[in-house]
Each structure stands twice: as C-alpha cells, then as structure tokens.
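Undergrad: Show me how the following folds:
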Amino acid sequence: MSHKTIVITQSDYQRLDELLSSHFTQAIHDPKILRELRGELNVAEIVDSRNIPADVVTMDSIFQLYDRRTDELGTYTLVYPEEAHIATGKLSVLAPIGTAILGCRIGDSVHWKVPSGNIELQIADILYQPEREAMAT
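TA: Residues are numbered from 1 along each chain as shown. Below is the predicted model:
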C-alpha cells in the first residue's frame with residue numbers, strides 16, 4: 001500500500017467516512033482493508049471539489065493503470081462497493097487496489113502484496129475526473 005499523503009475531495013471524504021462507519025460495511029468487508037482506508041483518510045489532504053488537481057484519482061474517476069511486470073495498460077473506474085464489477089473495470093474503493101489508488105496522482109505507483117508476490121501498478125493517465133468535468137461545464 002502507498003503511504004503518501006493523498007488528496008481527496010470533501011464530498012468523497014464525507015461519503016467514505018459514512019461508508020466506513022456503517023455496521024453493514026464493517027460486517028461484510030475485510031477489517032484490514034477498512035483500517036487501511038481509514039488510515040488513508042486520516043492523513044489525507046481534504047480539499048473542496050473545485051480545488052482538486054486534475055491529475056488526482058477521485059471517486060468515479062476513469063483512469064489507466066500500467067503494470068510494469070506484464071507491460072499491460074488497463075482502464076478502470078474507482079467506484080463505491082455497490083457499483084463494483086471487475087469484469088467491466090469498476091474497482092471498489094474497498095478492494096486493496098482501490099484503497100491504494102484513491103487520491104493518488106498521474107505517475108504515482110501503488111504497491112501491495114498478493115499471494116504470488118508483489119504487485120506494482122502506475123497511474124498512467126486519468127481519462128475522466130468528475131470534478132474536472134464539472135468545472136468545464
């Protein structure tokens with residue numbers, strides 16, 4: 001997992017804080033992942049949606065991840081758990097990779113351990129960020 005200070009919007013922070021406080025979430029999700037996300041939120045730089053940098057992965061952002069090990073580039077959307085569907089590229093913020101990516105910037109790498117070893121993915125690009133799109137309209 002990344003230990004960088006992440007940047008997150010006030011609205012994403014509030015919704016994620018509520019999600020983590022939910023008894024339902026606590027009952028059905030891995031406590032380790034919940035602690036990791038809580039830790040990220042506790043040290044995050046929280047900004048107004050209008051002030052989020054365009055190169056930051058926010059909730060509902062569509063982004064590309066580059067896997068150095070396989071030399072593959074994949075496109076994903078960071079979503080809340082109820083919207084997650086890995087077959088369509090929708091990664092839950094409560095999955096290890098989702099927690100690792102939230103608030104990171106283009107060029108940042110995220111690392112975590114899996115049974116087969118370590119995985120390192122780099123955020124190659126952000127194709128859509130809701131906050132950036134809202135400012136353009």
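Undergrad: List the contacts of the residue positioned nearest the centre of the chain.
TA: Compute the mean C-alpha point of the chain, and by CA atoms, centre = their mean the closest residue is L102, 2.5 Å away. For L102, the contacting residues are 6, 8, 12, 37, 40, 57-59, 78, 93, by CB atoms under 8 Å, 6 or more residues apart in numbering. For glycine as for every other residue, the C-beta is placed from the backbone atoms N, C-alpha and C.
Undergrad: where's it relative to R69, distance?
TA: Per CB to CB, to the nearest Å, L102 is found 22 Å from R69.
Undergrad: could you pull out the helices for the chain?
TA: 10-21, 23-28, 31-43, 96-101, 130-136 (DSSP state H).
Undergrad: who touches the last one?
TA: For helix 130-136, the surrounding residues in contact (CB under 8 Å, 6+ apart) are 9, 49-50, 52, 54, 58-61.
Undergrad: again, only using 6 Å
TA: 49, 52, 54, 58, 60 (CB atoms under 6 Å, 6 or more residues apart in numbering).
Undergrad: The second one too?
TA: By CB under 6 Å, 6+ apart, the surrounding residues in contact with helix 23-28 are L19.
Undergrad: Return the set of buried residues in the strand ranked longest in the chain.
TA: Counting by DSSP state E, the longest strand found in the chain is strand 117-128. Judged by neighbour count using 16 or more other CB atoms under 10 Å, the buried positions of strand 117-128 are 119, 121-124, 126.
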